[in-house]
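> here is a sequence together with a model predicted from it:
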Amino acid sequence: MRPARMRAEFPAPEFRGRQEAAIERIREAFAAGNDVVLVRAPTGSGKSLLARAIAGCARRPGESDGIEATGAYYTTPQVSQLDDVAGDELLEDFAVIRGKGNYDCILPGETETPVTEAPCARETGFDCPVKHRCPYFSDRSIAANRNIAAMTLAYFMQTAGSDVFGQRDVVVVDEAHGLAEWAEMYATIELSPERIPVWDACEPPDIDGLTDVAGYAERLGRVCKRRLEELRGRTELSRREVSERDRLRELQRELSWFLEDVRDPESPTTWVVDQPDRAVTVKPMDPARYLHHTVWDRGRKFALLSATILDKDAFCAGTGLNPADVALVDIPHTFPLEHRPLYDVTCGKMTYERRDETIPKIARTIGQLMAHHPDEKGLVHAHSYAIADRLAERLRELGVGDRVRTHDSDTRDAALASWKREDSNAVFVAVKMEEALDLRGDLCRWQVLCKAPYPNTRDSRVARRLEEGQWGWYYRTALRTVIQAAGRVVRAPDDHGATYLADTSLLDLFERARGAMPDWFAAQVDAMKTPALPAFDPAVASTGTDAGTEPVSGRTATEEETASLEDHPLGDVWETD
């Protein structure tokens, strides 16, 4: 790596905010000999531009000095982040490669066939006459030979051990805060009828611990091998059989990795097992070994960028890094505090036991906010589809449904794109959109956090960690999601957007995780206020027409108002004690 040229590799014509100082501090960290540099940069810092400057410092052919690794990888867990990179003119030298399933075949009669099921995948010995123009193999070849190859973290991990994408000098991971969790997800093995093509020939027994799982994995591996040999013996496969073959290959790799790890007495991985409805799920905790194979062995120097790497030592412990080899560069926020306010409109707790009484109050408060922002688009972070459905139903009952947009797991991306295109005051009730969503300017001016985003305690990994007393991890994980969410609607120094907190548990979270907060977010929390909101009027909330209502408190009533609260439509929202 050549840190000295980092400033010259910055792709924008000029620096803005703290970018120049950030570049200098990152350069110094690498120049000091650190193998890994964590860059904690808040939303709007221009992390992609910083990533380009860092990647540009990778050694190039002819500069290796006997070191074979040259070039750089840029990777991110978020597909939307990769899309943004691909469309950024300042990052035009990033050679983007996506997974095979994202490309269609170009042969006549096959133009709607994904490359994963094209004739080259179906027929033994197929000699494609247009392979040189195949969109997938063309992009792969370009990425393999360019100085900077850009890909999703999933594709990056899947290509570990690949002859095409071997070790490079520099690896830049954007949105790196969830690296351990992403690795856990990728390393999880789901053994179910939907995931095992040979399920009927090899159903699992009752599982009681890892020994039983290992025995089943061995037996399943043998059945998969026999079926694979049968498929490979055919000269041509159907598209369904191609999918079966590829899944069997993937399953064999997963089982092989699991068996190797679980039999290694020195492996740091702890495995937990669930068996709901006969299916078996095997989940790793703190899969440092998996990360070494799929990430840390892929480069010599690493830059990990995020707004929410909240605790350096905890992050290193979860990802298998030695803190002594890791530097943390903290970049201050440059957006004015008044442009990114937090507001307390808490309505009660959203725990499972209290949800029935709190959701109607939150829905009515959202109605108030719709009247408070009559001409502006809003985003409601519902946390789960169950909560989203109940909120949307309640908002329809309140007479404001014409302004509400929703989605399910199948329509997520299309519904989001449609809402963003609208020139309207529509309110999008969303699930799991706290990260990697750019809602700059009038795309969205306000948002609501409906629930403290604690990890699901019914997940066996979460339950195990809490049994071990890892409550700091629990609170940091939730805080990280809140900070990520707060950055969705404020994307530049001259942008502005309000974030409203509806779950009382969020206030408790801020107290418990105060020590993990970046200073710039702690300032937002300290400046949090209770807003003055108009009384709920479905006509105003739905159409955005100003009906001349007088603003009253969105959370507590004045002494004069208290006397009439029992008959007031907001009596169930205000605290009157």
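Looks like it arrived, so ask away.
> roughly how far does Thr294 sit from Thr159?
9 Å (C-beta to C-beta, to the nearest Å). All C-beta spots, glycine's among them, are computed from the backbone N, C-alpha and C.
> ok, Ser238 next?
To Thr159, Ser238 is 27 Å away according to C-beta to C-beta.
> in terms of neighbours, single out the busier of these two.
For Ser238 and Thr159, the more surrounded residue by other C-beta atoms under 10 Å is Thr159, and the numbers stand at 21 against 11.
> for the residue lying closest to that one once chain neighbours are set aside, grab the count of nearby residues.
Spatial nearest neighbour of Thr159, excluding adjacent residues (C-beta to C-beta, 6 or more residues apart in numbering): Phe165 at 4.4 Å. When neighbours are counted by other C-beta under 10 Å, Phe165 registers 20.
> need phi/psi at Phe165.
Taking degrees, to the nearest 10, you get phi -110, psi 80 for the backbone angles of Phe165.
> pLDDT score for it?
Per-residue pLDDT puts Phe165 at 93.
> go on, Gly66?
We note a pLDDT of 64 for Gly66 in this prediction.
> Ala557 too?
pLDDT recorded at Ala557 is 34.
> likewise Pro551?
pLDDT at Pro551 comes out at 35.
> next one: Val130
Here, the pLDDT recorded for Val130 equals 88.
> repeat for Phe536
Listed pLDDT for Phe536 reads 88.
> who are the contact partners of the residue nearest to Thr159?
For Phe165, the contact set (C-beta atoms under 8 Å, 6 or more residues apart in numbering) comprises Tyr73, Ala143, Ala144, Ala149, Phe156, Thr159, Arg298.
> same check, this time on Asp389
Asp389 makes contacts with Thr406, as judged by C-beta under 8 Å, 6+ apart.
> sorry, back to before: and the contacts of Phe165, which of them are in strands?
Tyr73, Ala149 (DSSP state E).
> buried residues in stretch 345-359, which are they?
Using 16 or more other C-beta atoms under 10 Å as the test for burial, stretch 345-359 gives Val345, Thr346, Cys347, Gly348, Lys349, Met350, Arg355, Thr358, Ile359.
> which phi and psi does Gln252 have?
The phi and psi torsions at Gln252 (degrees, to the nearest 10) take the values phi -60, psi -40.
> in space, what's closest to it - neighbours in sequence excluded?
Distances taken as C-beta to C-beta, 6+ apart place Cys224 nearest to Gln252, at 5.4 Å, with adjacent residues excluded.
> what's next to the strand or helix carrying that neighbour, contact-wise?
Assigned by DSSP states H and E, Cys224 belongs to helix 210-232. Outside of helix 210-232, the residues within contact range by C-beta under 8 Å, 6+ apart are 191, 196-198, 201-202, 204-207, 237, 241, 244-245, 248-249, 251-252, 255-256, 258-259, 262-263, 271, 273, 280, 282.
> and if we set it to 7 Å?
By C-beta atoms under 7 Å, 6 or more residues apart in numbering, the surrounding residues in contact with helix 210-232 are 197-198, 201-202, 204-205, 207, 237, 241, 244-245, 248, 251-252, 255, 258-259, 262, 271, 273, 280, 282.
> from the residues you listed, which land in helices?
Judged by DSSP state H, the contacts of helix 210-232 include Glu241, Glu244, Arg245, Leu248, Leu251, Gln252, Leu255, Phe258, Leu259, Val262 as members of helices.
> buried subset of the residues you listed?
When the ones in helices among the contacts of helix 210-232 are checked for burial by 16+ other C-beta under 10 Å, the buried set is Glu241, Glu244, Arg245, Leu248, Leu251, Leu255, Phe258, Val262.
> turn those into JSON lines, columns for distance to Glu89 and pLDDT.
Putting those into JSON lines (distance: C-beta to C-beta, whole Å; pLDDT from 0 to 100) gives the following:
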{"residue": "Glu241", "distance to Glu89": "43", "pLDDT": "91"}
{"residue": "Glu244", "distance to Glu89": "42", "pLDDT": "91"}
{"residue": "Arg245", "distance to Glu89": "41", "pLDDT": "93"}
{"residue": "Leu248", "distance to Glu89": "43", "pLDDT": "93"}
{"residue": "Leu251", "distance to Glu89": "42", "pLDDT": "93"}
{"residue": "Leu255", "distance to Glu89": "45", "pLDDT": "92"}
{"residue": "Phe258", "distance to Glu89": "44", "pLDDT": "91"}
{"residue": "Val262", "distance to Glu89": "48", "pLDDT": "90"}
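> surely Gln81 and Asp174 touch.
Yes. Counting by C-beta atoms under 7 Å, Asp174 is a contact partner of Gln81 at 6.0 Å.
> for Gly166, what are phi and psi?
Dihedral angles of Gly166 (phi, psi; degrees, to the nearest 10) stand at phi -90, psi -160.
> any idea how far it is from Ser45?
Distance from Gly166 to Ser45, by C-beta to C-beta: 31 Å.
> tell me which of these two has more neighbours.
Between Gly166 and Ser45, Ser45 has the larger neighbour count (other C-beta under 10 Å), namely 23 against 15.
> quick one: secondary structure of the more buried one?
coil (DSSP: H, G, I helix; E, B strand; the rest coil).
> give me the pLDDT for it.
We have a pLDDT of 80 for Ser45.
> how about Thr562?
pLDDT, Thr562: 32.
> do the same with the one 10 residues further on
You'll see Asp572 listed with a pLDDT of 29.
> likewise the one 5 residues further on?
Asp577 is assigned 27 on the pLDDT scale.
> what's the answer for Pro332, then?
At Pro332, the predicted lDDT confidence score is 88.
> what sits against it?
Counted by C-beta under 7 Å, 6+ apart, Pro332 has contacts Arg18, Trp520.
> my impression was that Val429 belongs to a strand - is that right?
Yes. Counting by three-state DSSP, Val429 is found in a strand.
> next one: the closest residue to it other than its chain neighbours from Phe536, what distance?
Using C-beta to C-beta, 6+ apart and skipping the chain neighbours, the partner closest in space to Val429 is Val380 (4.6 Å). Per C-beta to C-beta, Val380 is found 16 Å from Phe536.
> next, format the buried residues of stretch 345-359 as TSV and append distance to Ser424 and pLDDT.
Converted to TSV, the buried residues of stretch 345-359 look like this (distance: C-beta to C-beta, whole Å; pLDDT from 0 to 100):
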residue	distance to Ser424	pLDDT
Val345	23	96
Thr346	28	95
Cys347	26	94
Gly348	30	94
Lys349	33	94
Met350	28	93
Arg355	30	92
Thr358	28	95
Ile359	25	94
